[in-house]
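[1] fold the following, please.
(2 chains)
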Amino acid sequence: MKMSKLFVQTLREFPNDAEAMSHKLLIRAGFIKKLANGIYTYMPLAQRVLTKISNIVRQEMNASGAQELLMPFVQPAEIWQKSNRWQAYGKELLRVKDRHDIDMCLSPTHEEVITQTVSETINSYKQLPINLYQIQTKFRDEIRPRFGLLRGREFIMKDAYSFHTTQEDLEREYEVMGKTYTRIFQRCGLETKAVQSDSGAIGGKVSHEYMVLVDTMVGENNVFYCESCDYSANSNHAISILPIQQTDGGFDKEETIDTPNIKTIEDLSKFLNINPNCILKAVAYIADSKPVLAMIRGDKDIEETKLLNALNALEIRPMENEEIEKYLNAPAGFIGYRNVDKTKVTLLFDESAKGMKNFVMGANEKDKHIVGINWGANFEDDINFVDIAIVKEGEFCPICNKPLKITRGIEVGNIFQLGTKYSEPMKALYTDEQGQLKPYIMGCYGIGVSRTMAAAVEKYHDDFGIIWPKEIAPYHVDIVPVNIEDEAQKKVANEIYEKLNALGIEVVLDDRLDRAGVKFKDADLIGFPIRITVGKTINEGLVEFKQRKDNDIIKLTPDDAIKKCQEILLN
RNA sequence: CGGGAUGUAGCGCAGCUUGGUAGCGCACCUCGCUUGGGACGAGGGGGUCGCAGGUUCAAAUCCUGUCAUCCCGACCA
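    Okay, here's the model as predicted:
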């Protein structure tokens, strides 16, 4: 490709409205253009990267026995009503009406269509298992799209769905997909960590997320991991062993005391001169319009995803102060679990509270707390402790009891064991060996293709621009004649260009009339893995060879430069 | 949906306080000159100042409304 013909416009400055480095660089280097919030055009350079990622995905999925198909992007509401997700999916599902006033939607995911399609096509256990996938645009009307391609509304996803007769066979395929994913991302030049995760709106019980670990804020997930064993989990799912499990407030009898205007754990801890872990904290929520009171040890915080799961609820938000008065009969800051009407308010206790004794909590009365409380002493014994706490740094691995580390991660893939979550409501059945009708046992497996591109930029860049891994770079080599009007330089540059093309190496010839500095800046910004500069040294028969990843320049003959390209690109 | 900010040429911005009919840099076009890290000179094209009302002889500027975008939070594959 001749640079003068390439449909690209690099910018001298970073865009004003971008925050994440991948967002800034992809726009500045001319890979993407924003059309609307969270909706982007992939320019030719980006399209080439996406094609390469997609091809790696295809090769590995096919090698693992999956088959590619392509399903509709616009879907009728009817099919979503069958799975009960027309209601449950919420506002992320963009709904539209067609000219006949029929409800339709832009598909955020394809469980419904694939389940129906498979159930119409496969009737017998003899045709199972099967794994089907597609690579396609998805639309999710996110509340707050951000970070460019990392959280767009429209994005490209590979989604695969597998169908099985037994849980064991699903687990086998789940393992296969896990290994396939690791390989796919490795081939894209990205190391990933498979972490345990919450399964969210897609549903199912077991799931793992494939995270690219980064140290920037754009990794929207906190990942906890153990260096001694292979435990790792998204913070919304992580569990831990607390450094201090038994806490004692030291009060020798239970009594109500005055705590004037002491509303926070911090203030109360100072006022009574006790550790926050001796205070029982009350956090009030509204879950699916119903009041919930969660009690947790004072030094811990609620993980709302876990709370949501414990309640089997869809939506959750903190209570407003008026709601606290109304439902809990207590002023905010002085809430306790006693006097709560358990027929009206769901009461939950985090496991961290189990080891507390002689502890403190709100007295359900303004400016008063109760000290010296013990489980079972003054309240019914049948308290059911559940895990609804967020893990904190410094806590210990649940498997091997070593300190847990925390890092940020960009989720580029996920795998779920769905079970019969879709096949049952949608009555997607096959006939088993005994002639019985049974719902399929399903798995699903996603890869964010466009997000993977952004994650690679997020991971591999420097002050000058992008540093593409060679496997997904838009082009492999950029040839820069320092002065295109110098006949000797022009001739050699053209020869190298022709030879590399003939070898099947993807190459750009920067034939623009601009000065060398402009071409060098663009080469670094766009991030070609290899740059060959044809300049003055051509009089000695030498060109300059530079790899973007280390920026070291060596001088070679044109033929040796070509050989070096082959060497680097082939291994 | 709450908090904060911003909308002026393709991109980055000034002008707004104090109203007088729009400007700078980059990019683009022409000519000259230049060619190893985003040169220089001269000339040129491009904007209903987000949109809609209002005040005024006169609005980018003041007022009201509205839309969009960005950041933080909430939310979410």
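[2] can you pull up the bridge partners for the most centrally placed residue in chain A?
    With distances taken as Cα atoms, centre = their mean, the residue of chain A nearest its centroid is A:E411 (2.6 Å). Beta-bridge partners of A:E411, counted by DSSP bridges, are A:M211.
[3] report the contact partners of it.
    The contact partners of A:E411, taken as Cβ atoms under 8 Å, 6 or more residues apart in numbering, are A:209-211, A:220-221, A:448, A:451. (C-beta placed from N, C-alpha, C; glycine too.)
[4] just the buried residues from those, in PyMOL please.
    The buried residues among the contacts of A:E411 can be selected in PyMOL (16 or more other Cβ atoms under 10 Å) with this line:
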select buried, chain A and resi 209+210+211+221+448+451
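[5] domain parsing for chain A?
    Domain assignment of chain A by automatic domain parsing yields the ranges A:21-70+A:108-239+A:406-458, A:255-386, A:475-569.
[6] mind telling me which of these the model trusts least?
    Lowest mean pLDDT of the domains of chain A: domain A:255-386, a mean of 85.
[7] now that one, how far from the centre of its chain.
    32 Å (Cα atoms, centre = their mean, to the nearest Å).
[8] quote the end-to-end distance of it.
    Taking Cα to Cα, to the nearest Å, the first and last residues of domain A:255-386 lie 27 Å apart.
[9] with stretch A:38-47 instead?
    17 Å.
[10] circling back to that earlier point, mind putting the contacts of A:E411 into CSV with secondary structure and distance to A:R153?
    Formatted as CSV, the contacts of A:E411 follow (DSSP: H, G, I helix; E, B strand; the rest coil; distance: Cβ to Cβ, whole Å):
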residue, secondary structure, distance to A:R153
A:E209, strand, 20
A:Y210, strand, 22
A:M211, strand, 22
A:E220, coil, 15
A:N221, strand, 19
A:G448, strand, 13
A:R451, helix, 12
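[11] most widely separated two among the contacts of A:E411?
    Spatially, the most separated pair among those is A:Y210 and A:E220, at 14.3 Å (Cβ to Cβ).
[12] of the contacts of A:E411, closest to RNA strand B?
    Of all the contacts of A:E411, A:E209 has the smallest distance to RNA strand B: 4.3 Å, by Cβ to the nearest atom of the strand.
[13] filter the contacts of A:E411 to keep only those in contact with RNA strand B.
    Contacts with RNA strand B are made by A:209, A:220 out of these, judged by Cβ under 7 Å from any atom of the strand.
[14] return the residues in contact with the closest residue to A:E433 other than its chain neighbours.
    Counting by Cβ to Cβ, 6 or more residues apart in numbering, A:Y125 is the residue found nearest to A:E433 once chain neighbours are left out, at 6.1 Å. In this structure, A:Y125 makes contact with A:165, A:430-433, judged by Cβ under 8 Å, 6+ apart.
[15] same thing with A:G541?
    By Cβ under 8 Å, 6+ apart, the neighbours of A:G541 are A:557-558.
[16] and A:I538, helix, strand or coil?
    helix (DSSP: H, G, I helix; E, B strand; the rest coil).
[17] isn't it right up against A:A488?
    Yes - using Cβ atoms under 8 Å, A:I538 is in contact with A:A488, at 5.4 Å.
[18] neighbour count for these two, which is higher?
    Between A:I538 and A:A488, counted using other Cβ atoms under 10 Å, the more crowded position is A:I538 (21 against 13).
[19] okay, helices next: where are they in the stretch 251-400 of chain A?
    Using DSSP state H, counting those that start in this stretch, the helices of the stretch 251-400 of chain A run over A:265-272, A:304-311, A:321-328.
[20] Serialize those to JSON lines and add fields for distance to RNA strand B and mean neighbour count.
    Shown next, in JSON lines, are the helices of the stretch 251-400 of chain A (distance: least, Cβ to the nearest atom of the strand, whole Å; neighbours: other Cβ atoms under 10 Å):
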{"stretch": "helix A:265-272", "distance to RNA strand B": "17", "mean neighbour count": "16"}
{"stretch": "helix A:304-311", "distance to RNA strand B": "4", "mean neighbour count": "20"}
{"stretch": "helix A:321-328", "distance to RNA strand B": "13", "mean neighbour count": "16"}
